[in-house]
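Trainee: Okay, structure incoming, though there's no sequence with it:
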Ligand code: GTP
């Protein structure tokens, strides 16, 4: 099966980290997120994927010059201008010459979605498009998808107030499309699949949806990005490879990192060329390549961008995001939704 993977968004919620790196190229325990996403698609029987690129396309193309990511053959469709999610799907599918049922996935979602089961469902309902659903506690941040008992989509409700959500099943960002869907997407203007295409398909009764019980996480915010890293460290998402066997305190350190024996690390990622000083405490922390954490700094639930320096005895709490090359003064105390760095 062929797949369109949407990776063209600007990742504004992950700024400042996404000023220099597209969201799906941010590292997840040492490897770009996109490698986990494509790796799973490969395990699910996807042979060819077209990456739908818009924002910083060269970062993908240069990183994978042999056109293979996570074991899947890829091609690159670079949008001349932002066309919205539906416009992007149409552009990429036409670019790749897709003419059969195909899978569309959001490239920032980690999931072990059962594609075979979704395909069987899609075929049995003679659907034009089928959406994979995931149950969440608070659906108010997502597209909520109520269905009839046999899975026909009744409505597509984007981000409803929590107490008005008709169900807790949300759009999981993975779809099966018949090629005929593409004809329904206007060319030449931005079209949103969530706001236009799905409501139109639901209105004529040809849109279906099926809940998947597997692992699912949208990595698009600092809190969920941290969660994704910890899930990989703890083997919760089934995506961790042999290199992660036998971690101590759910911590992964790149072999080139220099970590003081006197530092205390739990649920931490210490990437390439990082330096972690004496007495440092890290808990739920991602250090991107080349960070320096000076002695006695205490960090919890934070992301530190590439080459950033955290001064001695600084304290960073949830959920600080420190951009590439930034400097936090010795003894400085940061907490809350702190974003350091302008790009
Ligand atoms: P925020 O700016 O933080 O909302 O993130 P985003 O727009 O990058 O991602 P969002 O989660 O809203 O979108 C879901 C998926 O679609 C992500 O994998 C995005 O990269 C991708 N995406 C969003 N808009 C576009 C677009 O216009 N073109 C393409 N090719 N992909 C897009």
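Mentor: Yes, it's here. Since we're looking at a predicted model, the values are computed, not measured. Residues are numbered from 1 along each chain as shown.

Trainee: any idea which helix or strand carries residue 296?
Mentor: Taking DSSP states H and E as the definition, one finds residue 296 inside no helix or strand.

Trainee: Repeat that for the one 3 residues further on.
Mentor: If you go by DSSP H and E, residue 299 is part of strand 298-304.

Trainee: Direction included, what does the following helix or strand past that strand pair up with?
Mentor: Under the assignment DSSP H and E, the closest C-terminal helix or strand after strand 298-304 is strand 309-310. Here strand 309-310 has these sheet partners by DSSP bridges: strand 292-293 (parallel), strand 327-328 (parallel).

Trainee: Next, the buried residues of the strand holding residue 299.
Mentor: Neighbour-count burial for strand 298-304 flags 298-304 (criterion: 16 or more other CB atoms under 10 Å). The way it works is simple: take the backbone N, C-alpha and C, and place the C-beta from them, glycine included.

Trainee: Tell me which two of these sit farthest apart.
Mentor: Taking CB to CB as the measure, these span a maximum distance of 15.4 Å, between 298 and 303.

Trainee: Got phi/psi on residue 276?
Mentor: As for residue 276, its main-chain torsions (degrees, to the nearest 10) stand at phi -120, psi 120.

Trainee: in terms of contact, does it touch residue 258 like I think?
Mentor: Yes. Residue 276 lies in contact with residue 258 (CB atoms under 8 Å); the separation is 7.2 Å.

Trainee: what about residue 237, which SS state?
Mentor: Put simply, residue 237 is coil when judged by DSSP: H, G, I helix; E, B strand; the rest coil.

Trainee: So which residues of the stretch 101-250 of the chain form helices?
Mentor: Ranges of helices within the stretch 101-250 of the chain are 115-124, 180-183, 198-203, 222-233, based on DSSP state H, counting those that start in this stretch.

Trainee: Of those helices, which is nearest residue 109?
Mentor: Residue 109 lies closest to helix 222-233 among those, at 9.9 Å (CB to CB).

Trainee: Next, the angle from that closest one to strand 298-304.
Mentor: Angle, helix 222-233 to strand 298-304, by axes from the mean of the first three to the mean of the last three CA atoms, to 10 degrees: 100 degrees.

Trainee: Would you indicate which residues of helix 222-233 are buried?
Mentor: For helix 222-233, the neighbour count (16+ other CB under 10 Å) marks 222, 224-233 as buried.

Trainee: which of the buried residues of strand 298-304 lies closest to the ligand?
Mentor: Nearest to the ligand, judged by CB to the nearest ligand atom, of these is residue 303 at 14.5 Å.

Trainee: thinking again about what came up before, could you spell out the sheet neighbours of the strand holding residue 299, each with its direction?
Mentor: As defined by DSSP bridges, the strand partners of strand 298-304 come to strand 281-287 (parallel), strand 315-316 (parallel), strand 320-322 (parallel).

Trainee: Quick check: residue 245 vs residue 30, distance?
Mentor: Using CB to CB, to the nearest Å, we find residue 245 at a distance of 14 Å from residue 30.

Trainee: typo on my end, residue 261
Mentor: Counting by CB to CB - residue 261 and residue 30 are separated by 22 Å.

Trainee: on that earlier part again, list the contacts of the strand holding residue 299.
Mentor: Defining contact as CB atoms under 8 Å, 6 or more residues apart in numbering, one finds that strand 298-304 is touched by 17, 222-223, 225-226, 280-288, 291, 293, 310, 313-322.
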